[in-house]
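Novice: need a structure here:
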Amino acid sequence: MTNSTYTVKDAIRTLQELSDSYSLNLTNSQIEMVVADLYLMYKKNEVVNLTSIRSMPDGLILHAFDSLLFAKVISEAIGLNQRARFLDMGTGGGFPGIPLACVSEFDIDLLDSVGKKVNACNEFVDELGMSDRVSAYHGRLEEFVKTSGRIYDGVTARALAKLDILIEYAEPYVKKGGYLFFGKANPEHEELADASKVAQMCGFENVSRETFELPNDLGHREIFVYKKDKKSRVKLPRNNGEARNHPLANR
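Specialist: You can find the predicted model right below:
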């Protein structure tokens, strides 16, 4: 782990300041748990490649704080103090799913196609004492819905794929009235147009688009919120690879 001089106290103090600046309304215990998760991830990153962001201060912003922006948006949409069930698609090192669990009462499933990342996430969850409501699973998005049969109140994804593809992946998992929360950096007009088309096909309405500037000039973030209000006109999921190789937006 790099930045060994960057202490836990430094990270907690920084996140407390950011919580105040961005009106995240986090408690001290929530902040401490999010920082504990980040340090667990960086320790594991020494032996399993979970992130290419080697700097702990940058990781605090680009992983932990970035994930907490999801919590802010989700809180405004449905609140955090209920036992809603969420799916975090392509969770990687557990973001945004584990920090979201740290600051909410949600039951969260973390899904990734890389087994080593899934094993690492389950280790973090156990260490944090959240294994009663948070679990990581190894599988592909097109297949997990068939084997699990699970339907969720909300789905998250962070920098995983284009918006139209994310909407297709998520549709089979979300109940009517449920939400999608997708994080992006700087989506281009074509991506937004494709997302609008596919959202209509899959029964979603874009109800919010929240924008943030990350501190320390670390980038621009947007979180797109979709609500499922109709039945999909397309039978989903399709076979593995179809969403990326033959996007619905091209129909």
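
Novice: all contacts plus neighbour counts: C-alpha atoms, from now on.
Specialist: Noted.

Novice: Give me the contacts around stretch 203-214.
Specialist: With contacts defined as CA atoms under 8 Å, 6 or more residues apart in numbering, stretch 203-214 is touched by 61, 66, 73, 196, 199, 219-233.

Novice: Would you confirm that residue 108 contacts residue 91?
Specialist: No: Residue 108 is beyond contact range of residue 91, at 11.0 Å (criterion: CA atoms under 8 Å).

Novice: what sits in contact with each of those two?
Specialist: residue 97.

Novice: count of residues packed around residue 42?
Specialist: Residues lying near residue 42 (other CA atoms under 10 Å) number 22.

Novice: what packs against the host helix or strand of it?
Specialist: Residue 42 belongs to helix 28-44 when assigned by DSSP states H and E. Counting contacts by 3 or more CA pairs under 8 Å, 6 or more residues apart in numbering; DSSP states H and E, helix 28-44 packs against helix 8-21, helix 97-102, helix 115-128.

Novice: and those as a markdown table, adding mean neighbour count and distance to residue 241?
Specialist: Output for these, formatted as a markdown table (neighbours: other CA atoms under 10 Å; distance: least, CA to CA, whole Å):
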| stretch | mean neighbour count | distance to residue 241 |
| --- | --- | --- |
| helix 8-21 | 16 | 39 |
| helix 97-102 | 27 | 24 |
| helix 115-128 | 19 | 19 |
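
Novice: Relative to residue 175, which of these is closest?
Specialist: helix 97-102 (18.9 Å; CA to CA).

Novice: low pLDDT regions in the protein?
Specialist: 1-4 (pLDDT under 70).

Novice: which residues in it form helices?
Specialist: Applying DSSP state H to the chain gives helices spanning 8-21, 28-44, 56-59, 66-78, 97-102, 115-128, 141-148, 163-170, 189-202, 242-245.
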